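Peer 1: Would you be able to build a 3D model of this:
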Amino acid sequence: MGKFQLFPDQASAMAPQVDLLFFYLCAVTFFFTLLIGVLVVAFAIIYRRKHEDERPAETHTSKLLEITWIVIPFILTMVMFAWGAVIFVNYSTPPKNAMEINVIGKQWMWKVQHPDSQREINELHVPINEDIRLTMTSEDVIHDFSIPAFRVKMDVVPGRYTTEWFRPTKVGQYHIFCDQYCGTEHSRMVGKVTVMTQGDYQAWLSGQVRGLTPVAAGRELFQQYNCVKCHSQYAPTMANLYMSKVDVWEDGKLKTVIADEDYLRDSIVNPAHQIVDGYVGKQNMPAFKDQLSEEQIMQLVAYIKSLGQNEDKEDPVRMRNSYVPKPPATPEMNGLLTK
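Peer 2: Now for the predicted structure:
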């Protein structure tokens, strides 16, 4: 950091792939720009009119030439498309065992929380040669989390989650930029990623102030807002919900959706948007949009995600799997559902 470079360091597993594609695009562009420029000048000289009475000889179309200038550009552009598609798919599909780190953009800073509860502002410490998945959202306007040395960037959008992932391969410090204009202090919304050896990273973790992990904090919120009262008896279970298929009613139509992170967030902040099939008319879950911060919502989502993975049979939400709930006993309970 601090020294001028024409290109950023290649500090992630994806960086060489992105650079190779970039150089291929540049080479094709340069070659055909030069070829066309040279031919334009050459033809202008060779076929210029020599005198006023000159008439050009009659020419005939060459089918071979037409096929050539159609097929060659087609092949070159298809290589661009296929190569770019492979990189895009790889970039859009984080590994399942990746370390999950939450990132919240806010004018004008980046707030980071690690899975072991450590927090950072405008900094991100990660271990080398380990897959890292960032789950990101914004508290105000659209931002963009960009790490040029890793060749990754993604818009950070209010009201939804976006993700990006990388595998750092080079120890050092690298810039974080906001690549989306977000207000008067946009140019100062910067930070740094510190890539460390596994030993140094563990030492860094042990030296940080620990608090509640996102899952533990989400569990406390679940209890604090008494979510367990309905979701253990009268509302859909949260156990094994994450990434499962859910039949919901939306705008009067029944459809099947995947209970991903965006679905979980939407169910918390706007429960009337998509109502689980079988609970129409019973919806009475309060909207938490103005009651919870984005960080608290991410903690609740982390907790719900954990219910599909752990084996804690005593968890009050998991207990929902151990019995069939009885129908509401009183008219007052008929409106207790939630989503």
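Peer 1: quick one: what helix or strand has residue 45 in it?
Peer 2: Taking DSSP states H and E as the definition, residue 45 sits inside helix 15-46.
Peer 1: Give the rounded mean pLDDT of that helix.
Peer 2: Rounded to a whole number, the mean pLDDT of helix 15-46 is 94.
Peer 1: For it, name the packing helices and strands.
Peer 2: Using 3 or more CB pairs under 8 Å, 6 or more residues apart in numbering; DSSP states H and E, the elements in contact with helix 15-46 are helix 63-92. In this view, the C-beta of every residue, glycine as well, is placed from N, C-alpha and C.
Peer 1: secondary structure class for residue 210?
Peer 2: Per DSSP: H, G, I helix; E, B strand; the rest coil, the local secondary structure of residue 210 is coil.
Peer 1: Tell me, how many residues neighbour it?
Peer 2: Counted by other CB atoms under 10 Å, the residues lying close to residue 210 total 12.
Peer 1: go on, the one 4 residues further on?
Peer 2: The local packing of residue 214 (other CB under 10 Å) involves 26 other residues.
Peer 1: Kindly report the same for residue 241.
Peer 2: So residue 241, with other CB under 10 Å, has 19 neighbours.
Peer 1: Please apply the same query to the one 3 residues further on.
Peer 2: The local packing of residue 244 (other CB under 10 Å) involves 13 other residues.
Peer 1: can you check the one 10 residues further on too?
Peer 2: Residue 254 has 10 neighbours, counted by other CB under 10 Å.
Peer 1: and if you look at residue 127?
Peer 2: Residues contacting residue 127 under the criterion other CB under 10 Å number 19.
Peer 1: Run through who's touching stretch 253-271.
Peer 2: Defining contact as CB atoms under 8 Å, 6 or more residues apart in numbering, one finds that stretch 253-271 is touched by 135, 137, 159-161, 241-248, 273-274, 277, 283, 285-289, 292, 297, 300-301, 304-305, 338-339.
Peer 1: buried ones in the helix holding residue 45?
Peer 2: 15, 17, 18, 21 (16 or more other CB atoms under 10 Å).
Peer 1: just curious, which of those residues is nearest to residue 220?
Peer 2: residue 15 (39.6 Å; CB to CB).
Peer 1: Kindly export the least confident helix or strand in the chain by mean pLDDT (C-alpha atoms) in PDB.
Peer 2: In the chain, the helix or strand scored least confidently by mean pLDDT, DSSP states H and E is helix 227-231, which has a mean of 79. Once non-C-alpha atoms are left out, helix 227-231 reads as follows in PDB (Å, rounded to 0.1, in the frame of the first residue of the first chain):
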ATOM      1  CA  CYS A 227     -40.500 -14.900  19.000                       C
ATOM      2  CA  VAL A 228     -40.300 -18.400  20.500                       C
ATOM      3  CA  LYS A 229     -43.900 -18.100  21.900                       C
ATOM      4  CA  CYS A 230     -45.500 -18.400  18.400                       C
ATOM      5  CA  HIS A 231     -42.700 -20.100  16.500                       C
END
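Peer 1: coming back round to it: just how off-centre is the helix holding residue 45 within its chain?
Peer 2: 34 Å (CA atoms, centre = their mean, to the nearest Å).
Peer 1: what does the helix or strand in which residue 215 is found contact?
Peer 2: Assigning secondary structure by DSSP H and E places residue 215 in helix 214-224. Contact with helix 214-224 is made by 102, 113, 115, 117, 211-212, 228, 292, 296, 298-304, 306, 316-317, as judged by CB under 8 Å, 6+ apart.
Peer 1: Which ones among the residues you listed map onto helices?
Peer 2: Cross-referencing the contacts of helix 214-224 against helices under DSSP state H gives 228, 296, 298, 299, 300, 301, 302, 303, 304, 306.
Peer 1: before we move on, back to that, looking at the buried residues of helix 15-46, which one is closest to residue 206?
Peer 2: The closest of those, once distances to residue 206 are taken by CB to CB, is residue 15, at 29.9 Å.
Peer 1: Quick check: buried residues in the least confident helix or strand of the chain?
Peer 2: 227, 228, 230, 231.
Peer 1: farthest pair in the residues you listed?
Peer 2: 228 and 230 (7.7 Å).
Peer 1: Now do the shared contacts for the two.
Peer 2: Contacts common to residue 228 and residue 230, judged by CB under 8 Å, 6+ apart, are absent.
Peer 1: Okay, buried residues for the helix holding residue 215 please.
Peer 2: For helix 214-224, burial by neighbour count (16+ other CB under 10 Å) applies to 214, 215, 217, 218, 219, 221, 222.
Peer 1: which of those lies closest to residue 67?
Peer 2: Among the buried residues of helix 214-224, and counting by CB to CB, the member closest to residue 67 is residue 214, at 59.4 Å.
Peer 1: give me the low-pLDDT residue ranges for the chain?
Peer 2: For the chain, applying pLDDT under 70 flags the ranges 1-4, 209, 281-283, 309-339.
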